[in-house]
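Trainee: Sequence below, structure please.
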Amino acid sequence: MKAAGAKRALLLSVGGAFHSPLMEPARVELQTAIAFTPIVDPRCPIYQNVDARPHTDPARIKANLIQQLTAPVRWTQTMQNMLAAGANKVVEVGPGNVLQGLFKKVSRELETVAG
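Mentor: Numbers count the residues shown, from 1 in each chain. Purely as a prediction, here's the structure:
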């Protein structure tokens, strides 16, 4: 990537080829599971990394979840769009605090907490 002009390139220690075309076989199984999972209208917009935009339509949310398994993550764009929409606090849900550090790289003004 550096030869192609990237300022920085890091090898990531990951458990799978998530968010890449190599996940296509798993996407088929995920699509079936999501089809049978009820998703109701959310109380607030759901920002999805596949397109970095907010969504409230359950059908679109489901379609994006399926696509997200094989699509690149648009993390910075997602955070920038949330900030532009007025977000001032994010809560990381789950183990660890990796995402809190990534939030801070986009904006030091954004309050981050673990959920």
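Trainee: Quick check, central residue of the chain?
Mentor: The centroid of the chain falls nearest to Asn49 when counting by C-alpha atoms, centre = their mean (3.5 Å).
Trainee: first to last residue in stretch 13-32, what's the distance?
Mentor: Stretch 13-32 has its terminal residues 29 Å apart, counting by C-alpha to C-alpha, to the nearest Å.
Trainee: For it, give the mean pLDDT please.
Mentor: Here stretch 13-32 scores 85 as its mean pLDDT.
Trainee: What are the contacting residues of that stretch?
Mentor: 65-66, 68-73 (C-beta atoms under 8 Å, 6 or more residues apart in numbering). Using the backbone N, CA and C atoms, a C-beta is placed for each residue, glycine as well.
Trainee: What separation is there between the residue nearest to the residue nearest to the centre of the chain when sequence neighbours are not counted and Met79?
Mentor: Closest residue to Asn49 apart from its sequence neighbours, by C-beta to C-beta, 6 or more residues apart in numbering: Val73 at 4.5 Å. Distance, Val73 to Met79, using C-beta to C-beta, to the nearest Å: 11 Å.
Trainee: out of these two, which sits in the busier spot?
Mentor: Met79 (22 against 14; other C-beta atoms under 10 Å).
Trainee: what helix or strand does the more buried one sit in?
Mentor: Using DSSP states H and E, Met79 maps to helix 75-84.
Trainee: List the buried residues for that helix?
Mentor: If you call a residue buried by 16 or more other C-beta atoms under 10 Å, then helix 75-84 has these buried ones: 78-79, 81-83.
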